[in-house]
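>>> Pasted the sequence and its predicted model underneath.
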Amino acid sequence: MTRQRHGFTLLEVILALILAGLLVMLMSAYLSRSVVSPDAPLVRVQRTAILANAMEAVARDYGQGATHSASDLAALASRVGAFQTNYSAYCSSCTGATSTITLGPLDNALLVTITDGNGQSLSRVFTVLDY
């Protein structure tokens, strides 16, 4: 009569642990490439919201001008040029830039671009309302 054994030998347990460790190591190396930073989309949305808030402040300044003339565009360009002085409450790490562009029949449009410290930017075109 032979005796039946129950359980695993020490050698079998060690081999199983080594194989499981290798499998976990390979899977973690594969999965870590795709999951670099789980909060990256949230951070990008927050930065975009800050830029949008600053751009809305610029738009409010232009909207307060009653005539929306070429001189109002020039004043807006001057305010955006001194972005930290005028809009730092909305975005302390942002800078503003302007350029005059031609947009269809409008030859006097102002392109305003706000860029944050991380290189993310938001642009908007302001025009003269000639009726």
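Alright, I've got the coordinates. Residues are numbered from 1 along each chain as shown.

>>> List the contacts of the most centrally placed residue in the chain.
Closest residue to the average C-alpha location of the chain: residue 44 at 3.3 Å, with C-alpha atoms, centre = their mean. Listed by C-beta atoms under 8 Å, 6 or more residues apart in numbering, the contact set of residue 44 reads residue 120. For glycine as for every other residue, the C-beta is placed from the backbone atoms N, C-alpha and C.

>>> how close does it sit to residue 122?
Look at residue 44 and residue 122: by C-beta to C-beta, to the nearest Å, they are 12 Å apart.

>>> sorry, back to before: and the gap between the residue nearest to the centre of the chain and residue 17?
Separation of residue 44 from residue 17 (C-beta to C-beta): 41 Å.

>>> what sits against residue 50?
Residue 50 makes contact with 90, 91, 94, 116, according to C-beta under 8 Å, 6+ apart.

>>> Tell me the one of the residues you listed nearest residue 21?
Using C-beta to C-beta, residue 116 comes nearest to residue 21 of these, at 43.7 Å.

>>> ok, how many other residues are close to the closest one?
Per other C-beta atoms under 10 Å, the neighbour tally for residue 116 reads 18.
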